[in-house]
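Visitor: attaching a predicted model along with its sequence, questions to come.
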Amino acid sequence: MNKSIAGVLLVVVLSGCSGLSTKQKNAATGAAIGGVAGAVLTGGSSIGTVGGAAIGGVIGHGVDSGGKKK
């Protein structure tokens, strides 16, 4: 896949996140980063990619980006 197609897909996917809460956005970002990291660390293994996305999503959901406690 070339870079222009990947860029267009990224914009389309991220534009669908406009109605999400902060925790949901953090979880989606964490899943994306975790999926890429899992793929890189395991040489493109499907299990590594999915595992990394799952772990990244959980960590991202737990992050409090606003810094405010309720």
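Guide: On my side now, so go ahead.
Visitor: next, the buried residues of the longest helix belonging to the chain.
Guide: Assignment by DSSP state H gives helix 22-41 as the longest helix of the chain. Within helix 22-41, the residues scored as buried using 16 or more other C-beta atoms under 10 Å are 25-35, 37-39. Where you see a C-beta, it was placed from the backbone N, CA and C, and this is true even at glycine.
Visitor: elements contacting that helix?
Guide: helix 46-62 (3 or more C-beta pairs under 8 Å, 6 or more residues apart in numbering; DSSP states H and E).
Visitor: what are the buried residues along the helix it packs on?
Guide: So, applying 16+ other C-beta under 10 Å, buried residues of helix 46-62: Gly48, Thr49, Gly51, Gly52, Ala53, Ile55, Gly56, Gly57, Gly60, His61.
Visitor: shaky segments in the chain?
Guide: Counting by pLDDT under 70, the chain contains low-confidence ranges at 1-7, 9-10, 12-14, 16-17, 65-70.
Visitor: ok, 90 please
Guide: For the chain, the stretches with pLDDT under 90 are 1-40, 42-50, 52-53, 56-57, 60-70.
Visitor: between the buried residues of helix 22-41, which sits nearest Val11?
Guide: Ala32 (13.4 Å; C-beta to C-beta).
Visitor: from Asn26, how far out is the closest one?
Guide: 11 Å (C-beta to C-beta, to the nearest Å).
Visitor: and the contacts of stretch 25-40?
Guide: For stretch 25-40, the surrounding residues in contact (C-beta atoms under 8 Å, 6 or more residues apart in numbering) are 17, 20, 45, 48-61, 63, 65.
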